[in-house]
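Participant: predicted model and sequence below, questions to follow.
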Amino acid sequence: MLHKEALFFCGGEKACKGFGVATLSISYYDIGYIAGEMAYEILVNGANPGEMEIRYAPEVIKKYNAEICSELGITPPADYVAIG
């Protein structure tokens, strides 16, 4: 049984799928890919990490837990996608 007093807005999709209501998630694959590119620049091309541009995930993914939202009677915003 869920309690409305304990709504969770999670930082990642996996946590949201387990017990959360909604998340603004990132792709950990994309973050890892970017980290690999940056490591290549440092290790192969000799880039100075202190002078490199800070890079971020290319997009934030808006998702919600359909089962929990339904049980609590919550209608998520139209631009959120149900976690499958």
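Facilitator: Okay, I see it.
Participant: for the residue nearest to the spatial centre of the chain, name its beta-bridge partners.
Facilitator: Compute the mean C-alpha point of the chain, and by Cα atoms, centre = their mean the closest residue is S25, 1.6 Å away. S25 has these beta-bridge partners by DSSP bridges: I61.
Participant: okay, now the unreliable bits of the protein?
Facilitator: Where the chain drops to pLDDT under 70, the residues are 1-7.
Participant: of all the helix elements in it, which one is longest?
Facilitator: As assigned by DSSP state H, the longest helix anywhere in the chain is helix 28-43.
Participant: which outside residues touch that helix?
Facilitator: Under the criterion Cβ atoms under 8 Å, 6 or more residues apart in numbering, residues 12, 47-49, 52, 55, 57-59 lie in contact with helix 28-43. Using the backbone N, CA and C atoms, a C-beta is placed for each residue, glycine as well.
Participant: recalculate using a threshold of 10 Å.
Facilitator: 12-14, 27, 47-49, 52-59 (Cβ atoms under 10 Å, 6 or more residues apart in numbering).
Participant: stretch 63-77 too?
Facilitator: 1-4, 7-10, 12-13, 15-25, 62, 80-84.
Participant: repeat that for 7 Å
Facilitator: 2, 4, 13, 16-17, 20-23, 25, 80-83 (Cβ atoms under 7 Å, 6 or more residues apart in numbering).
Participant: mind checking which of those residues land in strands?
Facilitator: Using DSSP state E, the members of the contacts of stretch 63-77 that fall within strands are 22-23, 25, 81-82.
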